[in-house]
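Undergrad: kindly return the folded structure for what I paste below:
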Amino acid sequence: MRIVLLGDSHLARIRRDLAMIGPHERNAAEGGACALDLVAQARTAAVEQHDVVVVSVGTNDAAPRRQVPTAAYVRALLDCTRSVPARGWIYHAPPGVDESRLGGACGRTNATIDAYRDAAVTACDEAGVRVVRTERVIEPLGARAFVSDGLHLGGAAYGLVLPAIAEAVRAVA
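TA: As a prediction, the model looks like this:
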């Protein structure tokens, strides 16, 4: 079994600690990706039936410069889980942002990200996709969960998130 990571920078930034998730991983996630990029990433990663796939999207979909409509975001996420055969799927829900540290140009808000996350969690629950509620996992850290840009997770957050993903992988494997 191989563990394949798809989606945005929340997974793409995992390099050194990738083995914490499990053996035989392939990180095909890319910074800036959104749900509309998932099928292409899955093809590039050559996802197969025996793979467990972890997907992280939503933060970039909610960005003002992109604003993928929520329905299109959920549809793209579910289309990928339905059209790409895999042993199991895990949705790594967007963690939110530290709005106090974001630059004005970023424009992402927790309220907007919450709407995307809520829609995806509901759809994933109905489709049988396992969900890691990242925002809940990192909640004890508060603002310390994020690096100085307010957007990306820091080491302390990954110290909590990676074991949660590993547990989800074991559950679907």
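
Undergrad: show me what the helix or strand hosting Arg75 packs onto, helices and strands only.
TA: Arg75 belongs to helix 70-83 when assigned by DSSP states H and E. Under the contact definition 3 or more CB pairs under 8 Å, 6 or more residues apart in numbering; DSSP states H and E, helix 70-83 sits against helix 38-45, strand 52-56, helix 110-127. Where you see a C-beta, it was placed from the backbone N, CA and C, and this is true even at glycine.

Undergrad: what about 6 Å?
TA: helix 110-127 (3 or more CB pairs under 6 Å, 6 or more residues apart in numbering; DSSP states H and E).

Undergrad: which parts of the helix it packs on are buried?
TA: Neighbour counts over helix 110-127 (16 or more other CB atoms under 10 Å) mark 110, 112-114, 116-117, 119-121, 123-124 as buried.

Undergrad: for the protein, where's the lowest mean pLDDT among helices and strands?
TA: strand 25-27 (a mean of 92; mean pLDDT, DSSP states H and E).

Undergrad: quick one: strands adjacent to that strand?
TA: Strand 25-27 has these partner strands in its sheet, going by DSSP bridges: strand 3-7 (parallel).

Undergrad: now the partner strand against strand 52-56, angle please.
TA: Computed by axes from the mean of the first three to the mean of the last three CA atoms, to 10 degrees, the angle separating strand 3-7 from strand 52-56 equals 20 degrees.

Undergrad: okay, strand 3-7 in PDB with CA atoms only?
TA: Taking Å, rounded to 0.1, in the frame of the first residue of the first chain, the C-alpha atoms of strand 3-7 are listed here in PDB:
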ATOM      1  CA  ILE A   3       0.000   6.700   0.700                       C
ATOM      2  CA  VAL A   4      -0.400   9.500  -1.800                       C
ATOM      3  CA  LEU A   5      -0.800  13.200  -0.800                       C
ATOM      4  CA  LEU A   6      -2.700  15.500  -3.200                       C
ATOM      5  CA  GLY A   7      -3.800  19.100  -3.000                       C
END
